[in-house]
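Novice: quick one, what's the 3D model for this:
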Amino acid sequence: MAPQQQAAVLQTIAMARDHLRQFYGTTESVPEIFVCGDDNCYRKIGGGKSRGMALLNLALFLSPKGMTVTIASHEMSHIELHTRI
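Specialist: Prediction:
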């Protein structure tokens, strides 16, 4: 990814984390986050037509189309809930 794209991804992740904290108050999960810059990368990690995937409470995977605050916070919420359960 180009530096500008990397910066945008970091900002999106930070905003998604803020949304999660606003909802839960605090967060307990600390997932690894993998963001694919192209569709081929996302297919290689098992992604299909989805925009993002959560793997238990371990990892978040985002496709190029999933690099939005809504998608990232949605997938992070799965991870947070799994951690709390």
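Novice: and for stretch 76-85, what's in contact with it?
Specialist: 16-17, 20, 23-24, 27-29, 31, 54, 56-60 (C-beta atoms under 8 Å, 6 or more residues apart in numbering). The C-beta positions use only the backbone N, C-alpha and C, and glycine is treated the same way.
Novice: would you confirm that residue 12 contacts residue 66?
Specialist: No. Using C-beta atoms under 8 Å, residue 12 makes no contact with residue 66, being 9.6 Å away.
Novice: and for the two, which residues touch both?
Specialist: Common neighbours of residue 12 and residue 66 (C-beta under 8 Å, 6+ apart) are residue 72.
Novice: what about the contacts of stretch 76-85, which are in strands?
Specialist: 54, 59-60 (DSSP state E).
Novice: which of those count as buried?
Specialist: 54, 60 (16 or more other C-beta atoms under 10 Å).
Novice: now the ones in strands among the contacts of stretch 76-85 as CSV including distance to residue 75 and pLDDT?
Specialist: Shown next, in CSV, are the ones in strands among the contacts of stretch 76-85 (distance: C-beta to C-beta, whole Å; pLDDT from 0 to 100):
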residue, distance to residue 75, pLDDT
54, 5, 92
59, 10, 94
60, 5, 94
